[in-house]
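[1] Can you look at this prediction? I've put the sequence above it.
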Amino acid sequence: MAFSNYCFVLSLVVAFSLTTTNVSLAARQLLDTTAAPPPALTLPTIPSLPKSTLPPLPSVPTLPQATLPPLPSTPLPTLPTPPPQPKPTLPPLPSTQIPSQPTLPTTTLPPLPTLPKSTLPPLPSTQIPSLPNPTSPTTPTIPKVTLPPLPAATPLPTIPTTIPSIPTIPTTIPTIPFFSPPPSN
């Protein structure tokens, strides 16, 4: 708590020192004066140098054209043909006799028994009573309500202008009888 108060006071001191009268007047004077144009820079003149005449360049001599001898034509050697290779033949596959599957005896199933056809008894004929056709209820009419007139403008409550006094805190703590030591005789 004390540190934050110290920082607050320090920031106020810095703010007031930066806004002193002299700083404000100097800034105002700088704003009121017009900016002076910068002085014109004068460059020294460069003296003209005398022109010197260069001698003409020598002409390039023409070189003789070199003729290259023709390349020797050497035929490419022919590759020897490989000797014919015998074609490999595969031996025939051994013929293994697959045993035939045994024939199973055919069995005849007995015929399914036929179930007797069942007939249901006729349903009793009961007469369904017809329901009365209900009519939709009529909506009741709502009576119109008239509101009572608004009362005259009520005055606003007055705001007290005096601050109530704060009760004082007692500086002495009352003694509690059973916490105090007994009186000495």
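    Received the coordinates, thanks.
[2] in the helix ranked longest in the chain, what counts as buried?
    Secondary structure of the chain per DSSP state H: the longest helix is helix 2-18. The neighbour-count check on helix 2-18 (16 or more other C-beta atoms under 10 Å) flags nothing as buried. Bear in mind the C-beta positions are built from the backbone N, C-alpha and C, glycine included.
[3] quick one, the following helix or strand past it and helix 2-18 angle?
    For helix 2-18, the following helix or strand on the C-terminal side (DSSP states H and E) is helix 21-32. Helix 21-32 and helix 2-18 are oriented at 50 degrees to each other (axes from the mean of the first three to the mean of the last three C-alpha atoms, to 10 degrees).
[4] so what does helix 21-32 touch, helix or strand wise?
    Contacting helix 21-32 under the criterion 3 or more C-beta pairs under 8 Å, 6 or more residues apart in numbering; DSSP states H and E is no other helix or strand.
[5] Keeping just the C-alphas, turn that helix into PDB.
    Below are the C-alpha coordinates for helix 21-32, written out as PDB (Å, rounded to 0.1, in the frame of the first residue of the first chain):
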ATOM      1  CA  THR A  21       5.900  27.500 -16.800                       C
ATOM      2  CA  ASN A  22       9.300  27.800 -18.500                       C
ATOM      3  CA  VAL A  23       8.700  24.700 -20.600                       C
ATOM      4  CA  SER A  24       5.200  25.800 -21.500                       C
ATOM      5  CA  LEU A  25       6.400  29.300 -22.500                       C
ATOM      6  CA  ALA A  26       9.300  27.900 -24.600                       C
ATOM      7  CA  ALA A  27       7.000  25.600 -26.500                       C
ATOM      8  CA  ARG A  28       4.500  28.500 -27.100                       C
ATOM      9  CA  GLN A  29       7.400  30.700 -28.400                       C
ATOM     10  CA  LEU A  30       8.500  27.900 -30.700                       C
ATOM     11  CA  LEU A  31       5.000  27.600 -32.100                       C
ATOM     12  CA  ASP A  32       4.600  31.300 -32.600                       C
END
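[6] So what touches that helix?
    Residues outside helix 21-32 that contact it (C-beta atoms under 8 Å, 6 or more residues apart in numbering): none are found.
[7] what is the rounded mean pLDDT of it?
    For helix 21-32, mean pLDDT is 77.
[8] again with stretch 105-119
    83.
[9] rewinding a little: what's the spacing between the longest helix of the chain and its chain's center?
    Mean-position distance between helix 2-18 and its chain equals 42 Å (C-alpha atoms, centre = their mean, to the nearest Å).
[10] Quick check: which ranges of this structure have low pLDDT?
    Within the chain, the segments meeting pLDDT under 70 span 20-21, 177-180, 185.
[11] can you do 90?
    Low-confidence segments of the chain (pLDDT under 90): 1-5, 12-185.
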